[in-house]
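# sequence and predicted structure below; questions after.
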Amino acid sequence: MMIAPTDQPGKPVVPVPVSARAPVRRSRTASTGWFLLPAMLLFVFVVLVPSARGVYYAFTDWDGLDPDFSFVGLDNFTDLTRDDDAVQAIWHTLLIALAITVIQNLIGLLLALGVNSAIKSRNLLRVFLFAPAVITQIVTAYLWRNLLGPDGAVNGLLGGVGLESWQQNWLGDPDTALWSVVGVTVWQYAGYSMVIFLAGLQSVPAEIHEAAAIDGAGPVRRFWSVTRPLLTPALTINLMLSSIGGLKLFDQVYALTGGGPGHATDTLSTLIYKDAFTLGEFGYSIALAVVLTLVVAVVSTGQYFMLARNEKAAS
Amino acid sequence: MKTLRAALAATASVTLLAACSGGTEAGDGKDSQTLTLASVDQGSVEDVVKAFEKANPGVKVRYTTSGADQYQQQIRTQLSSGTAPDVMSVWPGNGNPAATHVLAEPGYLRDLSDRPWAAKLPAATKSVAQYDGKTYNALFGQNGIGAVYNQQALTASGLTAPTTWTELLTFCKDAAARKTPAFALGLQDNWVTQIVQYALVATTVYGPDRDFDQKMQAGQATFADSAWSAAMDKYRTMEKEGCFQKNPLGTNYEASQQLAATGKTLGIVQGNWVIALLKEKNPKGTFTLKPLPADDKADDALMPAAAGAGYGVNAKAKNEELALKWVDFVMSPKGMNLYVKKQGGLPTLPDTGYTVDPSLTELSRFITDDRTVPFMDQLWPNAKVQQTMLSGLQEIFSGQAEPKDVLEAMDADYEAGS
C-alpha cells in the first residue's frame, strides 16, 4: 500500500517557508471539505441526530404510544441485566456472529480459490455461487423454513441416501435451531464473501506467482507466502462485513424460527423488535438497541484496529 | 479505509434507528368525500369497501391492509405521530398492542357509545368493546376455537369425533395406529401454541368457575394454582398419546393446514378462520368445527369464542362523518353479513338474517346456549402475559421448561399489571 510521504509522525520536518506551503494545503482541505459537506449533512440529520434523540428514550418508560411518559434513569439498563431472555439473546448474538464470521469466510475463501483456478465454466459457477446473495433475506429464509421442515427436502435427502439417523427437527429442536440459522445465513452469503476474495485474488500479479514458482515454491507455500498477505485487505472487509451482519442478524432468525422454540434462537435484534412492537416496551427495547450498538461498535472497532495492524504488517 | 470507518459508524447508528422508526404513508383525507382506512381484514375488507362505496355514491375509501404484526407496529407509530387514518382495525379487550383498552386509554379513539348498534351488542361482546364504560370498538364478527375435522378423512378412518376426554385419547391412539394422526399442530409459529391450550382451558378452568377472570383481577387466583396447570398437563398428555403429527415444533401453521386439508391428519385444533384456508387447499373437502373435549362430561364442555378485530374511529379523524358512516355500515346487517361470510365467522349482533355455514352449527349452538368464554388473553392486563405463555409453551414442548415455571412466569407478568 502506498503511503504518502508527508505528515508521517517521527519523520524530520523539513522547514518549508509558510508562504510557499500554506496555499496548497488550504485549498486541498477546503475543497475536500466542500465535497464532504452534502454527505455529512445528510448523515448528521438523517442518522446521527435521530439516533441520538432515540437514545433518550432508553431512559424513559415510553410505550410507543402514550405522549405521557416519564424519565426512569438507568432502570431499563438494570432490568436488562436481570432479564434472562436478554442475557441469553446477547450470548446468542455473539455466538451467531462468531460462527458466521468464521464459517462464511472460510467457505468464501475456498470457493474463491476454486473459481479463480483454471477450471471449466468458472464464470457460470461464480454466477451460481453469488446468486443467493442477491435474493432477499426473507425469501431465502422462507424457502429454507420449508426445506428444513420435518418432512422437508433436507430430511428427505438424508433419508434418500440412507442417513435416517441424521434426520433432525432442524428448526424445532433448540439444539439445532441456532445452527440451522447460521447455516442458512452462510449458505446465502458465502458467495458474497467469495466475490470480495475473488477481487483480491485477481489483483495478485501473476508475475509474483510465476517468480515464486520458479523459485520452487509449491501451491500451498505460494498461497501462504504470496496470496495470503496480498489478500489481507479483502479479508479485512470480509471479516468486518460478516461480523457486523452477524451481530445485526434479524430477518433470517425472524422468518426461520421467530426466535424460538421458546427463546432458543432469540438475538438482540429479534428481542428489540418483540419488546417494542409486540409488548409496547419501547423504552426497554431502545435500551437493548443501545447495548447492541455498543456491542457492534466495540467489536468492529477492535476488529478494525487489529486487522489494520495486520494489513500494515503484510504490506 | 475511511469509507470503511464511515460504514462502521453508519451501521452502528442505523441499527439504533431501526428500532425507533417505522410506519407507512400518512392518511390525509383532504377531500371531504375521502375516507382513510387501515385494516387487518385482508381478503374481506375489499368487498366491504366496494359495497360501502356503492351505498355512498361519490365516496372514495383509501385503504391499506396488512398482517396483524405489521399492522400493530404501523398503527401505533401513526397514532403517536398524528398521521393515523380515520378508521382503523382495533382488537377487542386488552392484552394486545392495538387492543381497545390500549388505544382508548391515551385517548386515541372516539367514543362510539352514541351509535345505534352500541346498545345492541351482547353482554360478552360489549365487555370487550368498551373501556371505562364507553364503547370504542365496532366488533362485527365472532370466532370460536375447537377441533376442526376433515369429514372425508374421518369417514375413511372409520372413527367418530370424540365428545369426552377419555374418548379423545382413544381416538388419538386409534388414529395414530391408522397412520393418520388425529390433529395437525404447527407450533413453529408461536401464536399457534395457545390454541389447544385455550380449547382445554375453556372447559377445565371456566367449566367449574365462570368467574375465574374476576378472581384473577382481584388477586384471588393465579395461573399456577388453578386448573390452568391441569389443562397444560392435558396438552402434554395429548402429545404423548400421539394426538399430533410428528415434530409439531418444526411444523409451521401453513404446513399444519396442508396436513389437515389433505387428510394426512383427521383434523386440526384451530379457530373457525382456518376452515376457509383448508377449503382453499382442498376445495372438495368438508370441514366441521366441534368442541375439543377436555373432561368426561360432554354436557359441561365450553368453547372459547370471542369477537375478532373490529373498527375504531380515530379521535382526530379528518373525516369523522364518513368514519362514523363506515362503522355504522360495518355494523349494519348488510355490512356485517358481507364481512362474516367472507371471513367464515359469525355475526356479533342477533337478527341480521345471517345463514350460518353448516361447518359452524356447533359453534353457533354454543354461543346461543351461553356456553362460550372469551379468548383468555382478551381480559389480561398486558400483552406480556400472552407472549410469556406462547414462548413458554414452545419451551415446554422442546423440553426447556416445565408447565409450573411457565405458569409462574405468567403470574409474575399478570401481577405487573398494565
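Here it is on my side, so go on. Fair warning: this is a prediction, and the values are worked out from it, not measured in the lab.

# next, give phi and psi for the nearest residue to residue B:149 once chain neighbours are set aside.
Leaving aside its chain neighbours, residue B:149 sits nearest to residue B:267 (4.1 Å; criterion: C-beta to C-beta, 6 or more residues apart in numbering or on different chains). All C-beta atoms are positioned from the backbone trio N, CA, C, and that covers glycine. Phi and psi for residue B:267, reported as degrees, to the nearest 10, are phi -180, psi -160.

# touching, residue B:267 and residue B:151? I think so.
No. In this structure, residue B:267 is not within contact of residue B:151 by C-beta atoms under 8 Å, at 9.2 Å.

# the strands in the stretch 301-418 of chain B, which residues?
For the stretch 301-418 of chain B, strands defined by DSSP state E, counting those that start in this stretch occupy the ranges B:303-307, B:310-313, B:346-347, B:372-373.

# where does chain B have its least confident helix or strand?
Here the helix or strand of chain B ranked lowest by mean pLDDT, DSSP states H and E is helix B:2-20, holding a mean of 40.

# past that one, which element shows up next along the chain?
Per DSSP states H and E, the first helix or strand lying C-terminal to helix B:2-20 is strand B:34-39.

# from the contact counts, what lies against that following strand?
helix B:45-55, strand B:60-65, helix B:68-80, strand B:87-90, helix B:320-331 (3 or more C-beta pairs under 8 Å, 6 or more residues apart in numbering or on different chains; DSSP states H and E).

# relative to the whole chain's centre, how far out is the last one?
Helix B:320-331 sits 23 Å away from the centroid of its parent chain (C-alpha atoms, centre = their mean, to the nearest Å).

# which of the helices or strands spans residue B:112?
Counting by DSSP H and E, residue B:112 is part of no helix or strand.

# how many residues are close by it?
Neighbour count of residue B:112, defined by other C-beta atoms under 10 Å in any protein chain shown: 24.

# pairing partners for the residue nearest to residue B:149 in the sheet, please.
Note on residue B:267: beta-bridge partners by DSSP bridges are residue B:149, residue B:183.

# show me the contacts for it.
B:147, B:148, B:149, B:150, B:153, B:154, B:182, B:183, B:184, B:260, B:287 (C-beta atoms under 8 Å, 6 or more residues apart in numbering or on different chains).

# hmm, the last one is touching residue B:360, no?
No. The pair residue B:287 and residue B:360 does not pass the contact test of C-beta under 8 Å, sitting 10.0 Å apart.

# between those two, which one's more packed in?
Ranked by neighbour count (other C-beta under 10 Å), residue B:287 and residue B:360 place residue B:287 first, with 28 against 24.

# any idea how far residue B:388 is from the closest residue to chain A within the stretch 251-400 of chain B?
Distance from chain A to each residue of the stretch 251-400 of chain B (C-beta to the nearest C-beta) is smallest for residue B:395, at 3.3 Å. To residue B:388, residue B:395 is 10 Å away according to C-beta to C-beta, to the nearest Å.

# if we can go back for a sec, what touches both of residue B:287 and residue B:360?
With C-beta under 8 Å, 6+ apart, residue B:287 and residue B:360 have common neighbours residue B:275.

# now mean neighbour count too, for the strands of the stretch 301-418 of chain B, in JSON lines please.
Formatted as JSON lines, the entries for the strands of the stretch 301-418 of chain B read as follows, by neighbours: other C-beta atoms under 10 Å in any protein chain shown:
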{"stretch": "strand B:303-307", "mean neighbour count": "26"}
{"stretch": "strand B:310-313", "mean neighbour count": "26"}
{"stretch": "strand B:346-347", "mean neighbour count": "22"}
{"stretch": "strand B:372-373", "mean neighbour count": "23"}
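
# residues of the stretch 151-300 of chain B that sit close to chain A?
Remark: the part of the stretch 151-300 of chain B in contact with chain A comprises B:187, B:188, B:189, B:190, B:246, B:247, B:248, B:249, B:250, B:251, B:252, B:255, using C-beta under 8 Å from any C-beta of the partner chain.

# need the pLDDT of the second one.
Model confidence at residue B:188, given as pLDDT, is 89.

# can you verify my assumption that it contacts residue A:173?
No. Between residue B:188 and residue A:173 there is no contact under C-beta under 8 Å: 11.3 Å.

# next, show the common contact partners of those two.
Shared contacts of residue B:188 and residue A:173 (C-beta under 8 Å, 6+ apart): A:261, B:249, B:250.

# so how far is chain B from the first one?
If I follow you right, that is residue A:261. Residue A:261 sits at a distance of 4 Å from chain B (criterion: C-beta to the nearest C-beta, to the nearest Å).

# residue 59: how many residues sit nearby?
You didn't pick a chain, so chain A it is. When counting by other C-beta under 10 Å, one arrives at 19 neighbours for residue A:59.

# that answer is for a different chain, and I need it for chain B
19.

# how much space between it and chain A?
Counting by C-beta to the nearest C-beta, the separation of residue B:59 from chain A is 30 Å.

# skip the chain neighbours and tell me the closest residue to that residue.
Closest residue in space to residue B:59, ignoring its immediate chain neighbours: residue B:33 at 5.3 Å, by C-beta to C-beta, 6+ apart.

# for the one you found, what are its contacts?
B:58, B:59, B:60, B:322.

# next: residue A:250.
A:267, A:269, A:270, A:273.

# give me the pLDDT for the second one.
According to the model's per-residue confidence, residue A:269 sits at a pLDDT of 95.

# wait, it sits on residue A:253?
Yes. Using C-beta under 8 Å, residue A:269 makes contact with residue A:253 at a distance of 7.3 Å.

# phi, psi for the residue nearest the centre of chain B please.
Nearest to the mean C-alpha position of chain B, by C-alpha atoms, centre = their mean, lies residue B:308 at 5.9 Å. When quoted as degrees, to the nearest 10, the phi and psi of residue B:308 stand at phi -90, psi -170.

# surely it and residue B:343 touch.
Yes. With contact defined as C-beta under 8 Å, residue B:308 counts as touching residue B:343 (7.4 Å).

# shared neighbours of the two, anything?
B:141, B:273.

# ok, the residue of the stretch 251-400 of chain B closest to chain A - contacts?
A:261, A:262, A:263, B:401, B:406.

# list residues touching both of residue B:395 and residue B:388?
In terms of C-beta under 8 Å, 6+ apart, residue B:395 and residue B:388 are both contacted by the residues residue B:406.

# ok so, going back, more neighbours: residue B:188 and residue A:173, which one.
Between residue B:188 and residue A:173, counted using other C-beta under 10 Å, the more crowded position is residue B:188 (30 against 18).

# which residue is the nearest non-sequential neighbour of residue 193?
With no chain named, the answer covers chain A. Computed as C-beta to C-beta, 6+ apart, the closest residue to residue A:193 that is not its neighbour in sequence is residue A:108, at 2.7 Å.

# actually chain B
residue B:393 (3.8 Å).
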